[in-house]
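Engineer: No letters, just coordinates:
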């Protein structure tokens with residue numbers, strides 16, 4: 001039973017790492033130059049992706065964490081603990097962002113969940129609505 005639970009945790013960690021890496025790869029590779037997009041209550045998933053990119057550029061972990069769902073933040077914390085680092089370092093020190101991000105398109109909102117396709121991403125980015133705000137869900 002414990003072995004199965006450990007295997008499930010390792011599987012979840014790999015998925016979270018892959019999704020974080022995918023998000024940062026997407027948000028840190030060529031495409032659309034951003035100029036001052038902030039996320040808020042009326043923000044769309046596309047707006048959140050752009051705001052995450054800007055926060056990544058500024059190495060603003062606090063802003064990035066505000067745009068993560070509770071679930072995604074919890075998984076990021078698990079990954080940080082396993083890698084003996086902090087969530088802030090995990091978010092700010094992985095993948096140096098260039099000056100632009102790829103084009104994102106085909107935003108699909110279905111109730112409290114959404115996906116956003118971005119150029120060079122094998123799968124759509126997941127988002128979830130929490131307390132009236134779209135958050136990157138990363139699972």
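Structural biologist: Structure's in. What do you need? Everything quoted here is computed from the prediction, not taken from an experiment.
Engineer: quick one, strands of this protein?
Structural biologist: 104-110, 113-118, 125-130, 133-136 (DSSP state E).
Engineer: To what extent is residue 74 buried, counted in neighbours?
Structural biologist: By other Cβ atoms under 10 Å, the residues close to residue 74 number 14. Heads up, the C-betas are built off the backbone N, CA and C, glycines and all.
Engineer: Just say which of the strands of the chain is most tucked in.
Structural biologist: strand 133-136 (a mean of 24; mean count of other Cβ atoms under 10 Å).
Engineer: residues in contact with that strand?
Structural biologist: The contact list for strand 133-136 (Cβ atoms under 8 Å, 6 or more residues apart in numbering) reads 23, 39-41, 43-45, 47-49, 52, 67-70, 72, 114, 125-129.
Engineer: Buried members of these into ChimeraX, please.
Structural biologist: Typed into ChimeraX, the line below selects the buried ones among the contacts of strand 133-136, using 16 or more other Cβ atoms under 10 Å:
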select :23,39,43,45,47,48,49,52,67,68,69,72,114,125,126,127,128,129
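Engineer: Out of the contacts of strand 133-136, list just those in helices.
Structural biologist: 23, 45, 47, 48, 49, 52, 70, 72 (DSSP state H).
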